[in-house]
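Student: here is the input, now give the coordinates:
(one chain, ligands or ions: 1)
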Amino acid sequence: MPSPMINVFQPSLGEEELAAVGEVFASCWIGRGPRVDAFESGFAEHIGVPRNQVTSMNSCTEATFLAMELLGVGPGDEVVLPTVTFVGTANAVASRGARPVFCDVDPRTLNAGVADVRSRLTARTKAVLLLHYGGHPGEIARIADLCRERGIGLIEDAANAQASSVEGRACGTFGDIGVWSFDHGKIAVAVDGAIMYTKDPELAARAAKLAYLGMEQATGYGEAMRTHTRWWDFEVSSFSRRSIMNDVLAAIGVVQLGKLKGFVARRREITARYDENLRGVAGLVPRPVLPAGHESSYYLYWVQMDAGIRDVVARDLYDRGIYTTFRYPLLHKVKAYGGDAHLPSAERAAAATLCLPLHQALGPDEVDFVSAALAEAVTSRTAAIA
Ligand SMILES: *Cc1c(COP(=O)(O)O)cnc(C)c1O
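Tutor: Now for the predicted structure:
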């Protein structure tokens, strides 16, 4: 049997998640119910915000689309976002008839800095949509200040940052809206699903309503009995899609939330081992260090090398059974969004950066194997072009 590939991302799911799903099956209530409620309140507690400012959704992409609507982004508006970002965030902007305006990123951290964001603001800027690259918070606090000063919205795509913080404050809670993904490729997973945080509790109530077809709460049986009304009646004053989570997925999410701290601790160890193994390898630039007070979720481990060898090094590793990748391909270069923008740091970084395998199940031997294979590939390919 050929030995399996070492994955870049991999979920850690087991008996506890299976048992939780089994309980949902046995309850005969698989739709939105007590597990969704527990998932929302569990995450609210995790990020340290009131329960009523948190709503779950069926995906982070959907949450980002809804965020645009909640902030009133519309035709003629501009939304500034880093070119190194998830494609769904730009799609969310475009879906409103607004224009995504891409900014450059720091060449080492791949996060948009406050100067990158500021340089792209115009009178038409309605909002800034920021990613925490690899789980590193970046200059989020200063960017939040800038947005507040200018009176523009701030949305944090905190999909990489399930447990990231600055001075104890959770990433995703600096702006007006924060969204977290729990899809198959994240740290804690719910198979699919997302959380949206809104600073304004009224906006959270609107988010919850829009996430379920715009339906206003039906009265419920007890209330209907008291008021002699029908429990199946409802009101609709704005229309929308169906974007809610369900108890099957939320049951998995609740178990995973309980393990999140442990997952991140394991990822920190792996990160430290890569750091140690790769220190001093000629031709390899190690990951940037975190500033004091910043906590990362360690979602990505990335290294940088001469752009002339990056692709061939990736292929060398693949040939030895190791997947690598680059997140996130530049959006100002794709057909739908391409223009004549030149974003030099992002372009340099995108050509030089490689993300290595990083997940909870990676053992020390595998980390050492990946490190040695990478060092070997970089050394031999560097010699070949010298
Ligand atoms: C995964 C991811 C998303 C999308 O999440 P879904 O729940 O799959 O829609 C958005 N942004 C980033 C940065 C991601 O990594």
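Student: closest residue of the stretch 251-386 of the chain to the ligand?
Tutor: Nearest residue of the stretch 251-386 of the chain to the ligand: Tyr328, at 6.9 Å (Cβ to the nearest ligand atom). Bear in mind the C-beta positions are built from the backbone N, C-alpha and C, glycine included.
Student: could you pull up the residues touching that residue?
Tutor: 84-87, 131 (Cβ atoms under 8 Å, 6 or more residues apart in numbering).
Student: ok, the residues you listed vs the ligand, which is closest?
Tutor: Using Cβ to the nearest ligand atom, the contacts of Tyr328 come closest to the ligand at Phe86, 3.4 Å.
Student: what's the burial count for the closest one?
Tutor: 21 (other Cβ atoms under 10 Å).
Student: name the SS class of the residue nearest to it when sequence neighbours are not counted, please.
Tutor: Spatial nearest neighbour of Phe86, excluding adjacent residues (Cβ to Cβ, 6 or more residues apart in numbering): Tyr328 at 5.7 Å. Under DSSP: H, G, I helix; E, B strand; the rest coil, the three-state class of Tyr328 is coil.
Student: give me the secondary structure label for the residue nearest the centre of the chain.
Tutor: Note on the chain: the residue nearest the mean C-alpha position is Ala159, at 1.3 Å, using Cα atoms, centre = their mean. Put simply, Ala159 is coil when judged by three-state DSSP.
Student: surely it and Lys186 touch.
Tutor: Yes - under the criterion of Cβ atoms under 8 Å, Ala159 makes contact with Lys186 at 6.5 Å.
Student: pLDDT score assigned to the residue of the stretch 251-386 of the chain closest to the ligand?
Tutor: pLDDT, Tyr328: 96.
Student: quick check: residues of the stretch 151-300 of the chain near the ligand?
Tutor: Within the stretch 151-300 of the chain, the positions near the ligand by Cβ under 6 Å from any ligand atom are 157, 159-160, 181, 183, 185, 194.
Student: next, give me the two most distant ones among the residues you listed.
Tutor: Using Cβ to Cβ, these span at most 14.1 Å, a distance reached by Asp157 and Gly185.
Student: and these two? which has more neighbours close in?
Tutor: Asp157 (29 against 16).
Student: surely the more buried one touches Leu129?
Tutor: Yes - using Cβ under 8 Å, Asp157 is in contact with Leu129, at 6.4 Å.
Student: which residues are common contacts for those two?
Tutor: Looking at what touches both Asp157 and Leu129 (by Cβ under 8 Å, 6+ apart), the common residues are 64, 85, 89.
Student: pull out the buried positions in stretch 23-41.
Tutor: 24, 32, 35-36, 38-40 (16 or more other Cβ atoms under 10 Å).
Student: whoops, I mixed them up, stretch 270-284
Tutor: Those would be 270-271, 273-274, 277-278, 281, 283-284, for stretch 270-284 by 16+ other Cβ under 10 Å.
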